[in-house]
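>>> Structure of the sequence below:
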Amino acid sequence: CAALKLYESDVEEIKQNGAEYILDIEHQLAPILESMSVRGVNIDSHNLLVFGQDLDYELSQVTQGIFDASGYSFNINSKDQVADILFNKLGLHSRKMTKGKTRLSVDDEVLLKLKDAHPVVPMLREYSTLAKLKGTYVDGLFERLDSNSLLHTTFRQTGTATGRLSSADPNLQNIPLRNKKGAVIRRFFIAPPDQRWIRWDFSQIELRVVASLSNDESMIKVFEEDGDIHLETARTIYPEWDTLDEYEQTRRRVLAKTINFGTLYELSVKGLIKYCAEADPPVFLTYAEADMIVERLVRRRQGLVKWIADTKEHVLRTGWVETKLHRRRYFPEVKYAKGYNLEDLLKGAINMPVQGTAADIAKIAMVKVDKAYPGMLRLQEHDELDGTVPEEKALRVALGVQKIMQEAAEDILQLPVKVEFAIGQNWGEVH
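Numbering: from 1, shown residues only. Purely as a prediction, here's the structure:
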C-alpha cells in the first residue's frame, strides 16, 4: 500500500543519512513510553482539591482588587475588555497589536512592560497565573484521574521539531517551576506507599552539547576540569572579578548564567538584550553593557562563534541541520525567507542540533535505564527522568541510574557529563 511504500522510503533515507541508530532507539522507546502511560502516576487528590479551593479564594480576592484599582467591573477573562480598560479607560500606552491586528495586545509581554504604569497591571498578571493554575492543572488533572487517583499522560515521540518528547492529555512538560504556587502542583505527584520518588537530571546538558558540537576549547576545558562554566563566563566578562566582594560576585555569577543561555544560539547585542529582558527574573542591559559582554565573549568563545556561523551557512546551502546522531530537520523556507522571518529560521537551525542532541541522549538513557530497571520510570521532562522505587532500594537505584545516564551522554559527547539526583516523597520535593 502507499503508506507502507512511504514508510520504506523514509527508512531508507534515514539509513542513508546515518541515523539508523537513533531510529532503532525510537523503536525500542515506543513500548517503554506506552508502559509508562499505562502505569500512570499517583496523585494526592485530597490535597489537590484543597489547593484548588485555596486558589478559588485567592482568585476572588484578586478579582475584587482589580475592580477596586481600575475603578471598573468587567470580565477579566475577556481580552477585549481588558484592553478597553487599560488603553481606553486608564489611558496606558502600548504599540503591540494582536496577530489579527484587531486591537492592542494584552499578552504577558505587554503586561510585563506596563507593570509599573498602573497598580492594576501586576494584579492582572497575578490573576492570569492563578486562573491558569486552577483551570489547566487543578481542574485539568482532576478531569483525567482514574478511580485509583492515577494520572495517565500520553507521551509523544514526534510532537516536537527537535526530537524532544512531549506529553498530552494532560501536558506535564510545562508545569510552572519558578512560580511558587506553580511549583506546589508537583507536590501532588506522589510515590506509591512504601516507595520513594527519584529525579535524575543532566546538569547543564545543553551547554555541554554546544561545547561538543562547536569543539570550543574554552568550554571544553571548563568541563574537563570539572569547573564552573558560569563562573568562567563571569570572569571573562568582568576582568575586575577578584576585586569584587562576595555579594557582587554572587550577583554577577547569576547574571553570567543568564548570559550563557542568552548567547548559546546567537552572539549578538540585540539578541542578548532581548533574551535577558525576557528572562526570569528579567535583566535589563543597556546597549553599551551588552556590546561589551558580546565583544569579550566573542574573543573567548572562538569555537562557538565559528560553529554558529558554519551552521547558518550550512542550512542556507543545504536546507537542513542535524544532531550528533544524524537526526535531521529540514528548513525549506530558508530559500525564500527574508528579514525577521529568516532570522527566526536561522535561530531554529542553530537550536535544533543542540536540543535535538540533548533529546537523543535522554531517549538513549531511557532505553538503557529501562533495561536495567524495568517498570521503574514514571515521567520524562526535557533533561530529567523520574521514577519510583521501594524505599529500601532507593539509593542503590539512584546511583545505578546516575551511572547509566552519565555513560550514555559521555559516549556521544566525548566530554565529562554530570547527572544529579534527588530522592523524596513526591515530584515537588526533589526539585
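>>> longest helix of the protein?
In terms of residue count, the longest helix belonging to the chain (DSSP state H) is helix 339-372.
>>> and after that helix, which helix or strand comes next?
strand 377-381 (DSSP states H and E).
>>> what angle separates that following strand from helix 339-372?
Strand 377-381 and helix 339-372 are oriented at 160 degrees to each other (axes from the mean of the first three to the mean of the last three Cα atoms, to 10 degrees).
>>> State the distance from the spatially closest residue to residue 370 that is not a sequence neighbour to residue 359.
Residue nearest to residue 370 in three dimensions, not counting chain neighbours: residue 32, with 4.8 Å by Cβ to Cβ, 6 or more residues apart in numbering. Yep, even glycine has a C-beta here, placed from its N, CA and C like the rest. Between residue 32 and residue 359 the computed distance is 15 Å (Cβ to Cβ, to the nearest Å).
>>> Next, the buried residues of the longest helix of the chain.
Judged by neighbour count (16 or more other Cβ atoms under 10 Å), helix 339-372 contains these buried residues: 345-346, 348-370.
>>> and if you look at stretch 284-304?
285, 289, 290, 293, 294, 297, 300, 301, 303, 304.
>>> What about those, which are in helices?
In helices, defined here by DSSP H, the members of the buried residues of stretch 284-304 are 289, 290, 293, 294, 297, 300, 303, 304.
>>> Low-confidence bits of the chain, can you list those?
Counting by pLDDT under 70, the chain has low-confidence residues at 1-10, 100.
>>> how about a cut-off of 80?
Applying pLDDT under 80 to the chain flags the ranges 1-17, 94-104, 174, 176-179, 182, 266, 278-282.
>>> Find the residue at the geometric middle of it.
residue 382 (6.5 Å; Cα atoms, centre = their mean).
>>> if we look at the helix or strand harbouring residue 317, which residues are touching it?
Taking DSSP H and E as the definition, residue 317 sits inside helix 302-318. Residues from elsewhere that reach helix 302-318 (Cβ atoms under 8 Å, 6 or more residues apart in numbering): 210, 213-219, 265-267, 298, 321, 331, 334, 345-346, 349-350, 353.
>>> after it, next one along is what?
Counting by DSSP H and E, what follows helix 302-318 is strand 320-322.
>>> So which elements touch that following strand?
The helices and strands touching strand 320-322, judged by 3 or more Cβ pairs under 8 Å, 6 or more residues apart in numbering; DSSP states H and E, are helix 302-318, strand 328-330, helix 339-372.
>>> what's it in contact with?
Applying Cβ under 8 Å, 6+ apart, the contact partners of strand 320-322 are 17, 19, 311, 314-315, 328-331, 349-350, 352-353, 356.
>>> Could you list the paired strands of that strand along with their orientation?
strand 328-330 (antiparallel) (DSSP bridges).
>>> neighbouring contacts of the strand it pairs with?
Strand 328-330 has contacts (Cβ under 8 Å, 6+ apart) with 17, 19, 161, 162, 319, 320, 321, 322, 349, 352, 356.
>>> ok, so of those, who is nearest residue 86?
Of all those, residue 86 sits closest to residue 161, with 35.0 Å by Cβ to Cβ.
>>> Make sure the closest one is indeed in a strand.
No - secondary structure assignment places residue 161 outside any strand; it is coil (DSSP: H, G, I helix; E, B strand; the rest coil).
>>> Check the gap between it and residue 322 for me.
For residue 161 relative to residue 322 (Cβ to Cβ), the value is 13 Å.
>>> the more surrounded of the two?
Applying other Cβ atoms under 10 Å to residue 161 and residue 322 shows that residue 322 carries more neighbours, namely 19 against 14.
>>> count of neighbours near residue 40?
17.
>>> Spatially, what comes nearest to it if we skip its sequence neighbours?
Nearest one to residue 40, counting by Cβ to Cβ, 6+ apart, is residue 150 at 3.6 Å.
>>> Now do the same contact list for the one you found.
Residue 150 makes contact with 40, 41, 42, 43, according to Cβ under 8 Å, 6+ apart.
>>> Hey, what's the angle from the longest helix of the chain to helix 302-318? Just curious.
Using the same axes, to 10 degrees: helix 339-372 against helix 302-318 is 110 degrees.
>>> my guess is residue 207 meets residue 263, correct?
No - Residue 207 is beyond contact range of residue 263, at 10.7 Å (criterion: Cβ atoms under 8 Å).
>>> More neighbours: which of the two?
residue 263 (24 against 20).
>>> quick one: the more buried one and residue 273, what's the gap?
11 Å.
>>> Find residues that contact each of these two.
Common neighbours of residue 263 and residue 273 (criterion: Cβ under 8 Å, 6+ apart): none identified.
>>> what's around residue 390, how many residues?
12.
>>> OK, contacts around it?
Per Cβ under 8 Å, 6+ apart, neighbours of residue 390: 194, 195, 196.
>>> among these, which are in strands?
Secondary structure from DSSP state E places 195, 196 of these in strands.
>>> Now render the contacts of residue 390 as TSV, adding distance to residue 394.
Converted to TSV, the contacts of residue 390 look like this (distance: Cβ to Cβ, whole Å):
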residue	distance to residue 394
194	11
195	8
196	4
